[in-house]
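Colleague: sequence plus predicted model, see below.
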Amino acid sequence: MSTNAPNPVPGDEESTSNFPFVGWLRDVAPYIHSFREKTFVIAFAGELVKEIGLENLIEDIAMLHAMGMRIVLVHGIRPQIEEQLKLRKIKSKFGTSALNTYRITDAAALECVKEAAGELRLDIEAAFSRGLPNTPMAGSRISVISGNFITAMPVGVVDGVDYVHTGLVRKVDSTSITLSLDSNKIVLLSPLGFSPTGQAFNLAYEDVAASTAAALKADKLIFLSPYSGLRDVDGELITELSLPQLQDYMTEHKDIESGLKGLLNISGKAVRSGVSRVHFLPCNQDGALLEELFTHDGIGMMLASSDIENLREANQDDVGGILQLTMPLEEEGILAARGQDVIERDIQRFSVIEHDRVLFGCAALFPFPNGVGELACLAVDADVQGSGDGERLLKRIEMRAKQENIKKLFVLTTRTEHWFLKRGFKRATVDDLPEERKQIYNWDRKSMVLTKDL
């Protein structure tokens, strides 16, 4: 096994158990390093304000900003618009097109939109202005900038329905946004846009966020929305999807609620436009943003393009590439020796990761009776360690294990115990191995045994 994990440090277990913060900080430090100077577009639905409030979310975003991440924040206002309409005793009106459901924003409704957007934007700016009370960041001023960064166009008349002041994003002033981010500002965008003639339009916050992320070629687009996400045939939340997989899912499942379908469509468009990752998180769970960014398993669903999702099952043509990865590690004693004949025999058990048709990582899954499987031969090229390929291979093996009804994984390792411990494995003994595996355990290597329930 070769990853970017550090070697075990004597006494580390004791210090971590006495001071949980130490272990937590060690876990998140690689993520902080990886995310520094990266651009994140974070969009949250107006429902979040109603359900859990702004305070903790703003504190979480302020911490991300302090860690060096470039933040564009987009807020929704649908419940706030409804409040304003009720105050004025105006009835909500909606129209449904082939792709989405839009609010019909006449002149009276537009005033409610402006009132809702202005009030929430001021609340957000005020929350950033007070810093983080009772922390070393107390009194620090986080500068937030907003403006007419979004040029809009009208939805127009669709199927005989005039949507009046409801609009779509036409253009994003990415140059001005980038200059603001370069000046260490948080950019705040409301779901309002303006035409070149000065007309205001009510926009969907999802459209604003996705269009902005595409214009900036953002590293992450993160939605905190009321939708629970997609589920597989067993009712389990799907945690990762490639763009082709999403398209297949939407073709097979025609009953996806319209709001979620619109969000998925616009997210797919963002990925095709160059956004690296799109994350879908629940807006009613405090801390969801931090849990998604700084834990191995996350909490929501992630969408990536097929170009990024370059994990696949191995074939006979990969034997040479796998040998190039594993032989140096075998010579160092990190991996148990496997000859070419063994790899050729077991090639169907391997998964590989490649970049530009060159293998940079591999891992294998060997099933045993009673729902137990062995994760073996996990190796990542030294040139790309730290890029997350080890974690992606681990997730791939876990996915394959679930498909084969394997409930528990075990791994044998001599040097990377802590890498596995940080990803949910627990210490075990040789006696915990399946009988068939126990019989061929190499007592000369004295590998540590780790297990993980799936």
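Modeller: Thanks, I have the structure now. Numbers count the residues shown, from 1 in each chain.

Colleague: count of neighbours near the residue lying closest to residue 420 once chain neighbours are set aside?
Modeller: Nearest residue to residue 420, sequence neighbours excluded (CB to CB, 6 or more residues apart in numbering): residue 450, at 4.9 Å. The way it works is simple: take the backbone N, C-alpha and C, and place the C-beta from them, glycine included. Using other CB atoms under 10 Å, residue 450 has 23 neighbouring residues.

Colleague: now do the helix or strand encompassing residue 450: which elements does it pack against?
Modeller: Assigned by DSSP states H and E, residue 450 falls within strand 448-453. Contacts defined by 3 or more CB pairs under 8 Å, 6 or more residues apart in numbering; DSSP states H and E place strand 448-453 against strand 408-413, helix 417-421, strand 426-428.

Colleague: let's have these in a markdown table, adding distance to residue 181 and mean neighbour count.
Modeller: Putting the helices and strands packed on strand 448-453 into a markdown table (distance: least, CB to CB, whole Å; neighbours: other CB atoms under 10 Å) gives the following:
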| stretch | distance to residue 181 | mean neighbour count |
| --- | --- | --- |
| strand 408-413 | 41 | 21 |
| helix 417-421 | 33 | 21 |
| strand 426-428 | 42 | 14 |
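
Colleague: mean pLDDT lowest for which of the ones you listed?
Modeller: Across the helices and strands packed on strand 448-453, helix 417-421 has the smallest mean pLDDT, namely a mean of 92.

Colleague: for it, list the C-alpha coordinates in PDB.
Modeller: Output of helix 417-421 as PDB, limited to C-alpha atoms (Å, rounded to 0.1, in the frame of the first residue of the first chain):
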ATOM      1  CA  GLU A 417      -1.900   1.800   9.300                       C
ATOM      2  CA  HIS A 418      -2.800   5.400  10.100                       C
ATOM      3  CA  TRP A 419      -3.800   6.200   6.600                       C
ATOM      4  CA  PHE A 420      -6.500   3.500   6.900                       C
ATOM      5  CA  LEU A 421      -7.500   4.400  10.400                       C
END
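
Colleague: show me the contacts for residue 187.
Modeller: Taking CB atoms under 8 Å, 6 or more residues apart in numbering, we find residue 187 in contact with 71-73, 144-146, 149, 177, 180-181.

Colleague: now swap in residue 52 and tell me
Modeller: Residue 52 sits in contact with 283-286, where contact means CB under 8 Å, 6+ apart.

Colleague: in the chain, which strand has the most residues?
Modeller: Longest strand in the chain, counting residues (DSSP state E): strand 358-368.

Colleague: for it, which strands pair with it and how are they oriented?
Modeller: Strand 358-368 pairs in its sheet with strand 350-355 (antiparallel), strand 372-380 (antiparallel), by DSSP bridges.

Colleague: can you list phi and psi of the most centrally placed residue in the chain for me?
Modeller: Centroid-nearest residue in the chain: residue 279, 4.0 Å away (criterion: CA atoms, centre = their mean). Residue 279 adopts backbone torsions of phi -110, psi 140, taken as degrees, to the nearest 10.

Colleague: check what pLDDT it gets.
Modeller: Value listed for residue 279 in the pLDDT field: 96.

Colleague: quick check: it vs residue 116, distance?
Modeller: Distance of residue 279 to residue 116, computed by CB to CB, to the nearest Å: 26 Å.

Colleague: repeat that for residue 198.
Modeller: 21 Å.

Colleague: likewise for residue 394?
Modeller: 44 Å.

Colleague: residue 280 versus residue 221, what's the distance?
Modeller: For residue 221, the distance to residue 280 - CB to CB - is 10 Å.

Colleague: can you redo the helices and strands packed on strand 448-453 as TSV with distance to residue 21?
Modeller: As requested, the helices and strands packed on strand 448-453 are exported to TSV (distance: least, CB to CB, whole Å):
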stretch	distance to residue 21
strand 408-413	26
helix 417-421	17
strand 426-428	21
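
Colleague: how many other residues sit next to residue 233?
Modeller: 5.

Colleague: before we move on, what SS does it have?
Modeller: coil (DSSP: H, G, I helix; E, B strand; the rest coil).

Colleague: quick one: it and residue 249, what's the gap?
Modeller: 11 Å.

Colleague: and the biggest helix by length in the chain, what does it pack onto?
Modeller: Counting by DSSP state H, the longest helix found in the chain is helix 107-129. The contact analysis (3+ CB pairs under 8 Å, 6+ apart) places helix 107-129 against helix 46-51, helix 55-66, strand 70-75, helix 78-87, strand 144-145, strand 186-189, strand 192-194, strand 200-202.

Colleague: out of those, which gets nearest to residue 214?
Modeller: strand 70-75 (11.9 Å; CB to CB).

Colleague: quick check: angle from the closest one to helix 107-129?
Modeller: Note on geometry: by axes from the mean of the first three to the mean of the last three CA atoms, to 10 degrees, strand 70-75 and helix 107-129 are set 140 degrees apart in direction.

Colleague: given strand 70-75, what are its sheet partners and their directions?
Modeller: strand 39-44 (parallel), strand 186-189 (parallel).
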